[in-house]
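Peer 1: Quick check, what structure comes out for this input:
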Amino acid sequence: MSQGNPDIRQQVDANRGVAKKLELLIPGLRGYRSKEDIRVSDELLRNQVADKLDHAKDNLQQLRKQVSANNDLTNLTSVGSLIAQVQTLSGEVRHAAQGYAGWVAPIQINEDRLNKLYDYDYSFVSAVFQFDQATSPGSLTYDGLAPNSIQTALNGFARTVADIRQKWSQRTEAIEGIALGQ
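Peer 2: Numbering: from 1, shown residues only. The predicted structure is shown next:
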């Protein structure tokens, strides 16, 4: 993905056992193994993204406790809504269909297109990591004496979650386009 972030595909390749390396030598199995490794990489990536979303949700839950302790009902509703949206998105990302790289798959998928999709994920993953950082206690503070001061941040978080959801939808549409041979 970037110089600072290792490519999960390389980690999956490096962790192949002897049997999987043998599959790469056999012409009929080579494509299957490559696609299966990309599928595993995708699953690992989605789980890491879902973990970051869950961490951001935990950060927002800490904020909700502060808001609640201050009897700030206006911000409590906004924070609660954000928590629900992030939790839903995390579940969608974590439990999305993984696809199938079987021997006689009914839909043929080009490995180059799958790799392009993986590279496309960079903006999606980056947005989630930035959101997690923005919601961290060091970056987000609640001032009980000036409760309105957090509304700008909450509005920004709502826009960020909508943007992340849009990126996820675009990714899903791209996958469906690949699956349909478009």
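
Peer 1: residues in contact with stretch 83-90?
Peer 2: Applying C-beta atoms under 8 Å, 6 or more residues apart in numbering, the external contacts of stretch 83-90 come out as 50, 53-54, 56-57, 60-61, 64, 158, 161, 164-165, 168. (Glycine included, C-beta is placed from N, CA and C.)

Peer 1: Which of the residues you listed are buried, as a ChimeraX select command?
Peer 2: Selection of buried members from the contacts of stretch 83-90 for ChimeraX, criterion 16 or more other C-beta atoms under 10 Å:
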select :50,53,54,56,57,60,64,161,164,168
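
Peer 1: Can you tell me which of the contacts of stretch 83-90 is closest to residue 39?
Peer 2: Of all those, residue 39 sits closest to residue 50, with 16.4 Å by C-beta to C-beta.

Peer 1: The closest one and residue 95, how far apart?
Peer 2: Separation of residue 50 from residue 95 (C-beta to C-beta, to the nearest Å) stands at 8 Å.

Peer 1: try residue 145
Peer 2: 42 Å.

Peer 1: if you count what's nearby, which of those two comes out ahead?
Peer 2: Under the neighbour definition other C-beta atoms under 10 Å, residue 145 and residue 95 were set side by side, and residue 95 has more, 10 against 6.

Peer 1: Over to the more buried one: give its phi and psi.
Peer 2: The main-chain torsion angles of residue 95 are listed as degrees, to the nearest 10 and equal phi -110, psi 20.

Peer 1: now residue 136
Peer 2: Taking degrees, to the nearest 10 as the convention, residue 136 sits at phi -70, psi 150.

Peer 1: what about it, neighbour count?
Peer 2: 14.

Peer 1: again with residue 128
Peer 2: If we define neighbours as other C-beta under 10 Å, then residue 128 has 27 of them.

Peer 1: list the contacts for it?
Peer 2: 49, 52, 53, 56, 164.

Peer 1: So which of those sit within helices?
Peer 2: The helices, defined by DSSP state H, take in 49, 52, 53, 56, 164 from the contacts of residue 128.

Peer 1: Tell me the secondary structure of the closest residue to the second one other than its chain neighbours, please.
Peer 2: Once its chain neighbours are removed from consideration, residue 52 has its nearest residue in residue 132; the separation is 4.5 Å (C-beta to C-beta, 6 or more residues apart in numbering). Secondary structure state of residue 132, per DSSP: H, G, I helix; E, B strand; the rest coil, is helix.

Peer 1: looking at it, residue 132 is touching residue 59, isn't it?
Peer 2: Yes - with contact taken as C-beta atoms under 8 Å, residue 132 and residue 59 are classed as touching, separated by 7.4 Å.

Peer 1: ok, and for the helix or strand harbouring residue 91, which residues are buried?
Peer 2: Secondary structure here is read from DSSP states H and E; on that basis residue 91 sits in helix 73-94. Neighbour-count burial for helix 73-94 flags 75-76, 78-79, 82-83, 85-86, 89-90, 92-94 (criterion: 16+ other C-beta under 10 Å).
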